[in-house]
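> Coordinates for the following, if possible.
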Amino acid sequence: MAFAGAEEEGLIPAFSVAENVALSSLDDFSPWGVPQPGRIGAETRTWMEKLDIRARSARQRAGELSRGNQKKILLARALMQRAQVFLFDEPAAGLDVGAQEKICRLINALALAGRGILIASGSPAGLLEVCDTIAVLREGRLVAQRAAADWSEPAIIQAALGSL
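Next comes the predicted model:
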């Protein structure tokens with residue numbers, strides 16, 4: 001979940017929190033082609049509570065929320081799809097320390113629930129905090145892979161730069 005901008009991440013700032021959360025699951029909320037906004041709102045409020053998405057209501061525009069809350073909206077959307085594998089691209093980039101910790105706790109909870117987690121990051125320190133295994137790719141090739149406990153920040157950087 002890199003955060004170059006809301007649009008690049010799939011968030012539509014002009015849409016409400018509920019519309020953004022339900023965007024990939026609209027068929028689940030529209031049996032026989034008839035939208036059921038009440039169900040969308042109820043499901044969104046459940047995810048807002050579970051993920052601590054701070055908004056005035058599920059109808060608030062997503063673009064009015066903080067980056068951390070916007071990232072949690074995208075996570076709620078993926079969780080509604082019952083995804084079994086998640087790929088996070090720089091999940092904590094651009095967030096304040098509190099939001100970074102919340103995102104890391106959410107990722108850890110997903111892993112503990114048996115979901116597959118892949119994290120792409122240029123921050124070795126962040127990877128060492130949340131990963132069990134770290135693989136380093138350079139020029140599209142796997143150059144090193146080992147348990148996170150067997151890595152240090154300098155070793156990750158050396159492997160990434162080719163001086164391993």
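> Count the residues that sit near Pro124.
19 (other C-beta atoms under 10 Å). In this view, the C-beta of every residue, glycine as well, is placed from N, C-alpha and C.
> Same check on the one 10 residues further on?
For Ile134, the tally of surrounding residues (other C-beta under 10 Å) stands at 21.
> how far away is it from Ile119?
The gap separating Ile134 from Ile119 is 9 Å, by C-beta to C-beta, to the nearest Å.
> Overlap of the contact sets of these two?
Leu127 (C-beta atoms under 8 Å, 6 or more residues apart in numbering).
> Any idea how many residues pack against Arg59?
For Arg59, using other C-beta under 10 Å, the count is 13.
> how far away is the residue nearest to it when sequence neighbours are not counted from Ala22?
The spatial neighbour of Arg59 that comes closest, neighbours along the chain excluded (C-beta to C-beta, 6 or more residues apart in numbering), is Ser16 at 4.9 Å. Ser16 is 9 Å from Ala22, where distance means C-beta to C-beta.
> and Gly114, helix, strand or coil?
Following DSSP: H, G, I helix; E, B strand; the rest coil, we place Gly114 in the coil state.
> That one and Leu106, how far apart?
The spacing between Gly114 and Leu106, counted by C-beta to C-beta, is 15 Å.
> which of these two has more neighbours?
Just comparing Gly114 and Leu106: by other C-beta under 10 Å the higher neighbour count belongs to Leu106, 20 against 7.
> Mind telling me what element that one is part of?
helix 97-112 (DSSP states H and E).
> Who has more neighbours out of Ser16 and Ala22?
Using other C-beta under 10 Å as the criterion, Ser16 and Ala22 rank with Ala22 on top: 26 against 22.
> give me every residue that touches the closest residue to Glu19 other than its chain neighbours.
Nearest residue to Glu19 in three dimensions, chain neighbours excluded: Ile12, at 7.2 Å (C-beta to C-beta, 6+ apart). Listed by C-beta under 8 Å, 6+ apart, the contact set of Ile12 reads 6, 19-20, 23, 62.
> Alright, that wraps it up for me.
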